[in-house]
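Undergrad: Coordinates for the following, if possible.
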Amino acid sequence: MPLESIKILMQRARAGGYALGYFESWNLESLQGVIDAAEVSRAPIIIGFNGDFLSRPSRRATERLAWYAELGRAAAQSAAVPCGLIFNECPNDDWVRLAAEVGFNLIMPADPAAPYEDYVRRVQGITHHAHALGVAVEAELGELPCGASGEVAPGGEMTDPEIAARFVAATDVDLLAVSVGNVHIRLAGAQALDLDRLNAIRRRVDRPLVLHGGTGIDADSLRQAIGLGVTKVNYGTYLKQHYLRAVRAALASGEANPHELLGIGGPQDVMVAGRLAVRDAVLERIENLGCCGRT
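TA: All right, here's what the predicted structure looks like:
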């Protein structure tokens, strides 16, 4: 089916008291695994790619954003469940604007290092551009701490409810990602959220709320957060961990025929192993969101 309107997806989630999962992809197999799991679960879903990673000038090979947009749109077109398509977390405004032009229906300018007034000005311009194209905008206020070292690093900044309300009024964004105890790239373990702060934001902000760092959020705390109005939860780290374990195991088989390892589709094919690992990882988490059977 065609890409589903983000506004409609969010309206249904809020009315139904559930959240949609954004399960991030990085190649064809990971995208296939996400769609496989959504179809098994009969769950609407957000698919997409990481804008920060794709736009980095340090990449050894330049990416063509239109390819990712077409891949995502083709996946949604053939999927048996409603899909939105996000260009996620990008600090490069030119890439964010381009994403809106080439086929993503949700874009996210994100630059935690930017001064507040500068970020407001930039998001205002991007939102005006995106809305003219029928594309929704997600922005983030506050900064998540990072767990990429194996430990949660000090730092980050919790979202201030009053500033969040002013930010949404000034920018007219469609979704707001918040920092309430969630962590980016948490490699192990889980922790509870600051639900009192989340509730205070919810009372002041009449927009769908988003939690990044879904990998490291305690399941019970997540369910309570959804009850307080969270309508989108992002997962990335958890999927890549499962994918890499499966691919490494497939490569360790000792198979010498490269076609058995790449492309035949049998039990030793690393592409299939990665796809199935992502599918299973999504299935382990998606039930916590309450979105299964909602199509």
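Undergrad: Going by C-alpha atoms from here, please, whenever you check contacts or count neighbours.
TA: Noted.
Undergrad: Helices of the stretch 1-150 of the chain, start to end?
TA: With DSSP state H, counting those that start in this stretch as the criterion, the stretch 1-150 of the chain has helices at 6-16, 28-41, 51-55, 65-78, 93-102, 116-132.
Undergrad: Could you double-check that A80 lies in contact with A37?
TA: No - using Cα atoms under 8 Å as the test, A80 is too far from A37 to be in contact (11.1 Å).
Undergrad: So between those two, which is more surrounded?
TA: A37 (21 against 18; other Cα atoms under 10 Å).
Undergrad: Give me the spatial nearest neighbour of the more buried one, chain neighbours excluded.
TA: Distance criterion Cα to Cα, 6 or more residues apart in numbering; nearest residue to A37, sequence neighbours excluded, is R279 at 5.0 Å.
Undergrad: wait, what's in contact with the one you found?
TA: Listed by Cα atoms under 8 Å, 6 or more residues apart in numbering, the contact partners of R279 are 32-37.
Undergrad: Highest neighbour count among those residues?
TA: Result: I35 is most packed of these (other Cα under 10 Å), 29 neighbours.
Undergrad: got a list of what that one touches?
TA: I35 neighbours (Cα under 8 Å, 6+ apart): 75, 79, 279.
Undergrad: same deal with I47?
TA: 22-25, 31, 34, 72, 83-86.
Undergrad: Quick one: mark the members of those residues that sit in strands.
TA: 22-23, 83-86 (DSSP state E).
Undergrad: so how far is R204 from G155?
TA: From G155 across to R204, the span is 25 Å (Cα to Cα, to the nearest Å).
Undergrad: contacting residues for G213?
TA: G213 makes contact with 182-186, 233-236, according to Cα under 8 Å, 6+ apart.
Undergrad: repeat that with 7 Å
TA: Residues near G213 by Cα atoms under 7 Å, 6 or more residues apart in numbering: 182-185, 234-235.
Undergrad: and what of R275?
TA: Neighbours of R275 in contact, by Cα under 7 Å, 6+ apart: 29-30, 32-33.
Undergrad: Could you dump those residues into TSV and include distance to Q124 and pLDDT?
TA: Formatted as TSV, the contacts of R275 follow (distance: Cα to Cα, whole Å; pLDDT from 0 to 100):
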residue	distance to Q124	pLDDT
E29	35	98
S30	33	98
Q32	34	98
G33	35	98
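Undergrad: what's the closest of these to E255?
TA: Among these, E29 lies closest to E255 (Cα to Cα), at 20.6 Å.
Undergrad: In this protein, mark out all the strands, start to finish.
TA: 20-23, 45-50, 83-90, 106-109, 136-141, 175-178, 209-211, 230-235.
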